[in-house]
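Peer 1: Structural data only, the sequence is not supplied:
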């Protein structure tokens with residue numbers, strides 16, 4: 001256990017600190033792995049949150065970046081997403097932001113239902129494909145069919161969503177490296193098989 005402070009003053013006086021748990025582990029068998037990794041979490045219960053499980057699931061937290069991309073790039077296609085030029089429009093900004101979150105949640109819910117109905121993993125389905133399917137079929141949903149036809153229509157929607165797949169990112173890894181030139185840390189290029197393939201091609205075209 002250790003304590004994190006918001007600033008140096010609080011650290012000197014030992015006030016307003018947050019007690020966290022530090023888990024240090026290594027990835028054996030990977031040639032480009034770091035000597036050790038440290039995971040900081042506020043989950044301090046070793047029974048409810050074992051260290052091995054947290055370390056194994058740590059890479060899953062980066063899936064939040066996919067959600068950000070889906071919100072900012074796929075759903076929010078306008079040049080100006082949130083109208084926030086004046087302070088009195090704060091409520092309007094919050095309303096639009098909540099609308100984006102609701103739309104994203106609704107699409108992801110349909111994807112989960114589609115994956116469950118076809119015995120697939122939801123993360124293997126394409127968000128872009130699901131969004132296109134919903135946009136195409138949304139006008140038809142305005143004229144609701146008779147109740148006896150609604151389950152058939154909904155099942156066909158789920159099957160169409162389930163037909164779009166993405167390349168699974170499970171098991172992917174990328175070694176750490178400093179990308180900024182102006183940094184206190186030594187600049188290290190990332191080692192990636194794609195780079196080894198692209199460099200000879202770039203040299204050929206540069207000649």
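Peer 2: Arrived safely. This structure is a prediction, so every number in the text was calculated from the model and none was measured.

Peer 1: who does the longest strand anywhere in the chain pair up with?
Peer 2: In terms of residue count, the longest strand belonging to the chain (DSSP state E) is strand 18-25. According to DSSP bridges, strand 18-25 forms sheet pairs with strand 2-4 (antiparallel), strand 37-41 (antiparallel).

Peer 1: ok, residue 68 to residue 127 distance?
Peer 2: 12 Å (CB to CB, to the nearest Å). To be clear about C-beta, it is placed using only N, CA and C from the backbone, and glycine gets the same treatment.

Peer 1: higher neighbour count, the two?
Peer 2: A count of neighbours by other CB atoms under 10 Å puts residue 127 above the other of residue 68 and residue 127, at 21 against 9.

Peer 1: which residues touch that one?
Peer 2: Residues in contact with residue 127 (CB atoms under 8 Å, 6 or more residues apart in numbering) are 66, 70, 74, 107-108, 111, 166.

Peer 1: tell me the mean pLDDT over the longest strand of the chain?
Peer 2: Averaged over strand 18-25, pLDDT sits at 94.

Peer 1: Buried residues of that strand, list them for me.
Peer 2: 21, 23 (16 or more other CB atoms under 10 Å).

Peer 1: So which of the contacts of residue 127 wins on neighbours?
Peer 2: residue 111 (25 neighbours).

Peer 1: pretty sure it contacts residue 128?
Peer 2: No: under the criterion of CB atoms under 8 Å, residue 111 makes no contact with residue 128, lying 11.1 Å away.

Peer 1: which other helices and strands contact the longest helix along the chain?
Peer 2: Taking DSSP state H as the criterion, the chain has its longest helix at helix 90-117. Helices and strands touching helix 90-117, by 3 or more CB pairs under 8 Å, 6 or more residues apart in numbering; DSSP states H and E, are helix 127-142, helix 150-162.

Peer 1: Okay, angle between it and helix 127-142 too, please.
Peer 2: On the basis of axes from the mean of the first three to the mean of the last three CA atoms, to 10 degrees, helix 90-117 is oriented at 100 degrees to helix 127-142.

Peer 1: now helix 90-117 against helix 150-162, angle please.
Peer 2: Using the same axes, to 10 degrees: helix 90-117 against helix 150-162 is 90 degrees.

Peer 1: Buried residues in helix 90-117, which are they?
Peer 2: Quick answer for helix 90-117 (16+ other CB under 10 Å): 96, 100, 103-104, 107-108, 110-111, 113-115.

Peer 1: returning to that earlier point: can you list the strands paired with strand 18-25 in TSV and add mean pLDDT and mean neighbour count?
Peer 2: Output for those, formatted as TSV (pLDDT from 0 to 100; neighbours: other CB atoms under 10 Å):
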stretch	mean pLDDT	mean neighbour count
strand 2-4	95	12
strand 37-41	91	12
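
Peer 1: Name the stretch from these that approaches residue 13 most closely.
Peer 2: Nearest to residue 13 among the strands paired with strand 18-25 is strand 2-4; the distance by CB to CB comes to 12.2 Å.

Peer 1: how distant is that closest one from the center of its chain?
Peer 2: When distances are taken as CA atoms, centre = their mean, to the nearest Å, strand 2-4 is centred 27 Å away from the chain's centroid.

Peer 1: Next up, the contacts around residue 118.
Peer 2: So residue 118 contacts 158-159, 162 (CB under 8 Å, 6+ apart).
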